[in-house]
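[1] sequence and predicted structure below; questions after.
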Amino acid sequence: MIAIALQIAAGCVALALLFNGWRLFKGPAIGDRIVALDTMVINAIALIVLIGMVAGSDTYFEAALLLAMVGFVSTIAYCKFILRGDIVE
Amino acid sequence: MIGVIEIVVAALILLGAAFVLIGSWGLVRLPSTMERLHGPTKATTLGLGSLLLASMLYFQSVRGVWTAHELLIAFFLFITAPISANMIAKVHLHRLRTGAITEQESLAGPPPRPGGEGDWATFEAPKQNTQASTANT
């Protein structure tokens, strides 16, 4: 039962990533693109967690945690760059 | 007992996947930037929290040990999601103010004005005459 649920969930997350990619290309404002990138990172973390459950290995959680941190920092850096024209002032 | 845990884990996985999908569908479907901010920052983060909870229960039932990795990730995401949403909203407000973009047609109408007099706090100049202020240097 868990195996079937995992397959369905992986399909849902993959579809969600496609939606995000569509919004990333469509735009129109730069805010939409930042939101799309941020959501893509969150969906990638979800996919990593699902893969970790399929593989039954807890090595994947370090990757998920690192991706969460890098995704947050990159979103903030992108916003800062748009807001101020510079990242480290 | 194993059966109950299996059902709970499968239900949490499906719930999380549904929330993640609904959040991203909101990103596609909603008409304006400020509204599109809602789907990913709320629904997707909540869905990921559910997935992480399912993963924690799953590894507990397989290995018989509690792991804190998932809680760490969920905690971190729940803290950072509002901060990134705030930054993106600020970007939107500043771009609107400089005229780089115009407010799109939206379901809820244009965003309300801030209460009281004055404009959004993010438009204000840095405070002067405070100890930490860099505006005077």
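    Received, thanks.
[2] any regions of chain B where pLDDT drops low?
    Across chain B, the ranges flagged by pLDDT under 70 are B:1-2, B:133-137.
[3] helices along that one, start to end?
    Secondary structure of chain B (DSSP state H): helices at B:2-29, B:33-36, B:38, B:45-63, B:69-98.
[4] what does chain A give?
    A:2-26, A:30-55, A:60-84.
[5] list the buried residues in the last one.
    Of the residues in helix A:60-84, those buried under the neighbour-count criterion (16 or more other CB atoms under 10 Å in any protein chain shown) are A:60-61, A:64-65, A:67-68, A:71-72, A:75-76, A:78-80, A:82. All C-beta atoms are positioned from the backbone trio N, CA, C, and that covers glycine.
[6] distance from the chain centre to it, please.
    Remark: helix A:60-84 is offset 10 Å from the chain centroid, using CA atoms, centre = their mean, to the nearest Å.
[7] and B:Ser106, how far is that from B:Ser32?
    4 Å (CB to CB, to the nearest Å).
[8] nearest residue to the residue nearest in space to the middle of chain B in space, please, no chain neighbours.
    Nearest to the geometric centre of chain B sits B:Thr41, at 2.4 Å (CA atoms, centre = their mean). Nearest residue to B:Thr41, sequence neighbours excluded (CB to CB, 6 or more residues apart in numbering or on different chains): B:Ala85, at 4.2 Å.
[9] B:Ala10 too?
    Leaving aside its sequence neighbours, B:Ala10 sits nearest to A:Ala5 (CB to CB, 6+ apart; 3.9 Å).
[10] from memory the one you found sits against B:Ile7, does it?
    No. The pair A:Ala5 / B:Ile7 is not scored as a contact, 9.8 Å apart, by CB atoms under 8 Å.
[11] more neighbours: which of those two?
    Shown here are A:Ala5 and B:Ile7; by other CB atoms under 10 Å in any protein chain shown, A:Ala5 has more neighbours (23 against 13).
[12] related to what we said a few turns ago, now the helices of chain A as CSV including mean pLDDT?
    As requested, the helices of chain A are arranged in CSV below (pLDDT from 0 to 100):
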stretch, mean pLDDT
helix A:2-26, 91
helix A:30-55, 91
helix A:60-84, 90
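[13] could you check how far A:Asp58 is from chain B?
    Counting by CB to the nearest CB, to the nearest Å, the gap from A:Asp58 to chain B is 6 Å.
[14] what count of nearby residues applies to that residue?
    Neighbours around A:Asp58, by other CB under 10 Å: 16.
[15] right, and it touches B:His69 too?
    Yes. Shown here, A:Asp58 and B:His69 form a contact pair, counting by CB under 8 Å, at 6.5 Å.
[16] that older thread, CSV for the helices of chain A, including distance to B:Ile101?
    Formatted as CSV, these follow (distance: least, CB to CB, whole Å):
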stretch, distance to B:Ile101
helix A:2-26, 14
helix A:30-55, 8
helix A:60-84, 11
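[17] flag every buried residue along stretch B:21-36.
    Result for stretch B:21-36 [16+ other CB under 10 Å]: buried residues B:21-24, B:26-28, B:30, B:32-36.
[18] who's in contact with the nearest residue to B:Gly47 once chain neighbours are set aside?
    What sits nearest to B:Gly47 in space, not counting adjacent residues and going by CB to CB, 6+ apart, is B:Phe19, at 2.8 Å. Residues counted as contacts of B:Phe19 (CB atoms under 8 Å, 6 or more residues apart in numbering or on different chains) are B:Ala43, B:Thr44, B:Leu46, B:Gly47, B:Ser50.
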